[in-house]
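Undergrad: turn this into a structure:
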Amino acid sequence: MSTQSLGGRICRCGGVRLWQRWAFGLTAAMVMLLLPGAALASEGGHVIPPAWAVLPFIVLLGMIATGPLFYHHFWERYYPHVSIALGLVVVLFYAIALKSLAPIYHSLMEYISFIALLASLFVASGAILIEIDKKGTPLLNVVLLFIGCIVSNFIGTTGASMLLIRPFMRVNRGRIRAYHVIFFIFLVSNIGGALTPIGDPPLFMGFLRGVGFFWVVQHIWHIWLLTVIMVLAVFFVIDTLDIRKSTELEVEHSGQVRLMGVKSFVWLFIIIGAVFLDPNVIEGFPSLKEMYHVPFGIRELIMFTICFLAYKTASKEALRGNDFNFEPIKEVAYLFIGIFMTMVPALEIIAEEARLRGASLTAGIFYFGTGLLSSILDNTPTYLNFFTAALGKFNLDAVNPKHVSFFESCEVTKYYLEAISVGAVFWGAMTYIGNGPNFMVKSISDQSGVKCPSFFGYVFKYALPILVPIFIIVWALFFSRAGESPDTLHKYCPEIEQHMRESGSPADTSSHEHGLLMPGTDTRTQGVTDDESFTVSNDRRHDFSMFGSRLARVYHRQPLECPVSGGAYLDHDGQAAFHARRPGDDHRFLA
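TA: Numbers count the residues shown, from 1 in each chain. Purely as a prediction, here's the structure:
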């Protein structure tokens, strides 16, 4: 986008910009005022929305795809209004028709966490100027992309994308093409971050559920390396063919690398550290969500504060060198508030289907299911839905760390966790909205004058012909095996086989001793005795103390302030209950 057009966009009539701010503020105020009361459990449970409730989400995706192509001027001016209006349609539908705003409230919490992380990383990385005075050859580009893949596992795909996209484009100035940005999104913004829980939010959610921090790198590194090599090989061929046709004039390069704004790395590391400031990671860490019933925590307050401080303390020369402005993050904030609200019905329907059909699903189906849905929905709740369904297939509970430990260590069931992890992270690269950094990188490149393809152009020209064949190869090599048999469970997974035998039916009393649910059990009476208390053995108290508050939130109950023994709580009407999860209901508690 040219400076002139950018200036015109920024200097539009004050009335339009004032309306955008008022509309955004009205949406946030309405949701924050209405939802805390609705987040208290509604009697009678929650109703799954009808299939047609996904129409606002489909309309929004359609307009994101077609707006820049067919009604560019309207879309550029009114996309905030469209996004907010469609989001409000879903909010009102849940408030009036379903009489339950708890799923919307959980989605709002996820959105605030999402935008806090994205905005703070955007500002902190925008104040770091990296200049590489080298010619952008295909080999150098491959090296830079591979380094980006490694870095994304230490500062997250969002942090790596925000830090490296500008220097990557500068290295290739004079012959920068859309495919350079597209492959950057493929690798640095998505596939690269598949090795650690820091790399991508779905893996961090698995870590919170009890998946070992180093489990991913130990079990997925070979899948990650093969996929990265295949994508880089395709890029190298395309870039080599392009450079042969390039008419770029030869320019002297010093070969130096210049780094400016080094102090902003401090803010970057504080942001990454703040990710772990969560009651589900640090036992006893204060939760503002529980204490004051607000849709954000201390982590989000720290990140928003860093947005301000990082900008105020930034090197002005570094900001100028990066052509820094707030338009990309504003565009993401407006579009994704609509996406996060309108996708709630779709996620609830998917969760219910995963719960009903989990027993018949193979690792390959989990891989493709998680992948395809991560392409058009946020990959974090998609991961959690299929994660819950995969454990439920073996009568295991996704919020019991002992069950998760059984699941991740068994030679048979671990393939399901590998399939879900790879599907959620890799397939997020299939569209601009599959993962948070994708749209941000596109917006930054557009602001820098590098025109990226439209939504459909990205999918049909790049993602389908390049990524899908590679992802099918990954499936054929690693996830095409047939389903497990009782004999294989007996041989490789004695703990799971024993648990399934002991639990018998989902409602068997063996699940009560854990205070947890198997699919189909009654949540109102399980784990609670007539005298409103129950006891658990000492070795299980830690599990309850860490996960009890989350279970209460999951089942749309008020976070409880009067614990009874062993992790049961008094709910808002004074009745003792231990609130466990239904598969799929707990996918909104954290971004």
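
Undergrad: what is the burial count for the residue lying closest to G192 once chain neighbours are set aside?
TA: Spatially, and ignoring its direct neighbours in sequence, G192 is nearest to C149 (3.0 Å; Cβ to Cβ, 6 or more residues apart in numbering). For the C-beta atoms, the positions are set from N, CA and C on the backbone; glycine is no exception. Residues within reach of C149, counting by other Cβ atoms under 10 Å, total 27.

Undergrad: then the one 5 residues further on?
TA: Applying other Cβ under 10 Å, we find 15 other residues in the vicinity of F154.

Undergrad: P56 too?
TA: 23.

Undergrad: and the helix or strand hosting it, how far from the chain's centre?
TA: Using DSSP states H and E, P56 falls within helix 55-70. Relative to its chain's centre, helix 55-70 lies at 21 Å (Cα atoms, centre = their mean, to the nearest Å).

Undergrad: need the distance between the two termini of stretch 180-200.
TA: From its first residue to its last, stretch 180-200 covers 22 Å (Cα to Cα, to the nearest Å).

Undergrad: just stretch 427-446 next, same as before
TA: Across stretch 427-446, first to last residue, Cα to Cα, it's 23 Å.

Undergrad: so for that stretch, what's the average pLDDT?
TA: Mean pLDDT, computed over stretch 427-446, is 89.

Undergrad: check the offset of it from the chain's centre.
TA: 12 Å.

Undergrad: where does pLDDT dip in the chain?
TA: 1-46, 247-253, 358-359, 399, 482-591 (pLDDT under 70).

Undergrad: quick check: next helix or strand after the longest helix anywhere in it?
TA: If you go by DSSP state H, the chain has its longest helix at helix 138-171. Under the assignment DSSP H and E, the closest C-terminal helix or strand after helix 138-171 is helix 178-187.

Undergrad: kindly calculate the angle that that following helix makes with helix 138-171.
TA: 100 degrees (axes from the mean of the first three to the mean of the last three Cα atoms, to 10 degrees).

Undergrad: run the chain-centre distance for the longest helix of the chain.
TA: Helix 138-171 sits 20 Å away from the centroid of its parent chain (Cα atoms, centre = their mean).

Undergrad: stretch 395-411 now?
TA: That offset, for stretch 395-411, works out to 22 Å (Cα atoms, centre = their mean).

Undergrad: and it, which residues are buried?
TA: 395-408, 410 (16 or more other Cβ atoms under 10 Å).

Undergrad: how about the helices in the stretch 201-350 of the chain?
TA: Taking DSSP state H, counting those that start in this stretch to define them, one finds helices in the stretch 201-350 of the chain at 201-209, 215-245, 264-274, 288-292, 298-312, 316-321, 327-342, 344-357.

Undergrad: what strand or helix carries the residue nearest to the spatial centre of the chain?
TA: Geometric centre of the chain, nearest residue: T380, 3.7 Å, by Cα atoms, centre = their mean. For T380, the element it lies in under DSSP H and E is helix 379-392.

Undergrad: which strands and helices lie in contact with whatever helix or strand comes next after that helix?
TA: Next along the chain after helix 379-392, taking DSSP H and E as the criterion, comes helix 401-409. Packing contacts for helix 401-409, counted by 3 or more Cβ pairs under 8 Å, 6 or more residues apart in numbering; DSSP states H and E, involve helix 379-392, helix 414-426, helix 494-503, helix 538-554.

Undergrad: now the angle from helix 401-409 to helix 201-209?
TA: Helix 401-409 and helix 201-209 meet at an angle of 130 degrees, taking the same axes, to 10 degrees as the criterion.

Undergrad: CA atoms of stretch 158-176 as CSV?
TA: This file holds the C-alpha atoms of stretch 158-176, laid out as CSV (Å, rounded to 0.1, in the frame of the first residue of the first chain):
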residue,chain,number,x,y,z
THR,A,158,3.6,-14.8,16.8
GLY,A,159,6.9,-13.4,18.3
ALA,A,160,9.1,-14.9,15.5
SER,A,161,6.7,-13.6,12.8
MET,A,162,6.6,-10.1,14.2
LEU,A,163,10.4,-10.0,14.7
LEU,A,164,11.5,-11.5,11.4
ILE,A,165,9.0,-10.6,8.7
ARG,A,166,10.4,-7.1,8.1
PRO,A,167,14.1,-8.1,7.8
PHE,A,168,13.1,-11.0,5.6
MET,A,169,11.3,-8.7,3.2
ARG,A,170,14.2,-6.2,3.3
VAL,A,171,16.7,-8.9,2.3
ASN,A,172,14.7,-9.5,-0.8
ARG,A,173,13.9,-5.9,-1.7
GLY,A,174,14.1,-5.3,-5.4
ARG,A,175,12.6,-8.7,-6.1
ILE,A,176,10.2,-9.4,-3.2
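
Undergrad: going by neighbour count, which residues in it are buried?
TA: Using 16+ other Cβ under 10 Å as the burial criterion, the residues of stretch 158-176 that qualify are 158-172, 176.

Undergrad: what does stretch 141-157 rub up against?
TA: 117, 121, 132, 159-161, 163-164, 167-168, 171-172, 180, 183-184, 187-196, 198-200, 217, 228, 232, 235-236, 239, 268, 272, 275, 435, 437 (Cβ atoms under 8 Å, 6 or more residues apart in numbering).

Undergrad: kindly report the same for stretch 317-327.
TA: By Cβ under 8 Å, 6+ apart, stretch 317-327 touches 6, 9-10, 126-129, 131, 166, 260-261, 264, 443, 447-448.

Undergrad: weed out the non-buried ones from those.
TA: 6, 126-129, 166, 260-261, 264, 443, 447-448.

Undergrad: looking at the residues you listed, which one is closest to K99?
TA: Using Cβ to Cβ, S443 is the member of those that sits closest to K99, with 37.5 Å.
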